[in-house]
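Chemist: Have a look; sequence and predicted model below, questions after that.
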Amino acid sequence: MTVKSSIKPTIRKTINTPKQKLKNYAIPDKAKPILLSGIIIAASVAFFPQEPLYKFLLTARPWQSHTEASVETRHIVNEQNQNTYASTYYYINTSSQMIFLPNKQYQKATLVTYTSPDVKPSQFEYLESGSWSISGQYIEVNPSNISDNSTSNQMVDLLQRNNILDIKAKQTYRMNFDSIKNATLNNLSFRTSEYY
């Protein structure tokens, strides 16, 4: 007599749950700092007003800028022939450092080096201090104390006319950042320059 068994074999199926999928995915070590920085910025923007964040970034460190430019000047060679000119090219190198203090004061030092084929390299330092204010990501500085040790007023005037040196004028900067370490300031008032 044959007895049929009514017991069916059980088949186990493996289902990947979300937790198991996360365990199988490992974040590369190089990507962790970038991911963490993005999370911090996203959380700051989402849960805190942006202006305090900009103030923190602005006063957290010194800001530096380096620019190079060339300027051409023309002068009359022959007084009798007013159409005879000679050109002189000046190569200008400026290095600036700016500090924003929590008491809404700022200090800026700029070293200007200039040279030309006919003139040996010369340099002077330009110092500026005053007050700053912020609105969103825009910062306005208002200089009140200005000094320089230049021996050539003609060169200072030439730099001002070509928007290379911004003396005695309010300036507006815009802060841009994609991470806390990569924040920059762009000067919107004069010749394009970036502070980092």
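Modeler: Thanks, I have it.
Chemist: May I have the helix or strand containing Phe56 as PDB, with CA atoms only?
Modeler: Using DSSP states H and E, Phe56 sits in helix 50-59. Extracted in PDB, the C-alpha atoms of helix 50-59 (Å, rounded to 0.1, in the frame of the first residue of the first chain):
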ATOM      1  CA  GLN A  50      21.500  82.400   6.000                       C
ATOM      2  CA  GLU A  51      22.800  85.800   7.100                       C
ATOM      3  CA  PRO A  52      24.400  84.500  10.400                       C
ATOM      4  CA  LEU A  53      26.000  81.800   8.300                       C
ATOM      5  CA  TYR A  54      27.500  84.400   5.900                       C
ATOM      6  CA  LYS A  55      28.700  86.500   8.900                       C
ATOM      7  CA  PHE A  56      30.400  83.400  10.400                       C
ATOM      8  CA  LEU A  57      32.200  82.600   7.100                       C
ATOM      9  CA  LEU A  58      33.100  86.300   6.600                       C
ATOM     10  CA  THR A  59      34.800  86.700  10.000                       C
END
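Chemist: Could you give the average pLDDT over it?
Modeler: Averaged over helix 50-59, pLDDT sits at 88.
Chemist: So in that sheet, which strands flank whichever helix or strand comes after that helix, and in what orientation?
Modeler: Proceeding N to C from helix 50-59, the next assigned helix or strand is strand 63-76, under DSSP H and E. Using DSSP bridges, the strands paired with strand 63-76 in its sheet are strand 85-100 (antiparallel).
Chemist: check contacts around Tyr91.
Modeler: Counting by CB atoms under 8 Å, 6 or more residues apart in numbering, Tyr91 touches 68-70, 114-116. In this view, the C-beta of every residue, glycine as well, is placed from N, C-alpha and C.
Chemist: Done for today, thanks.
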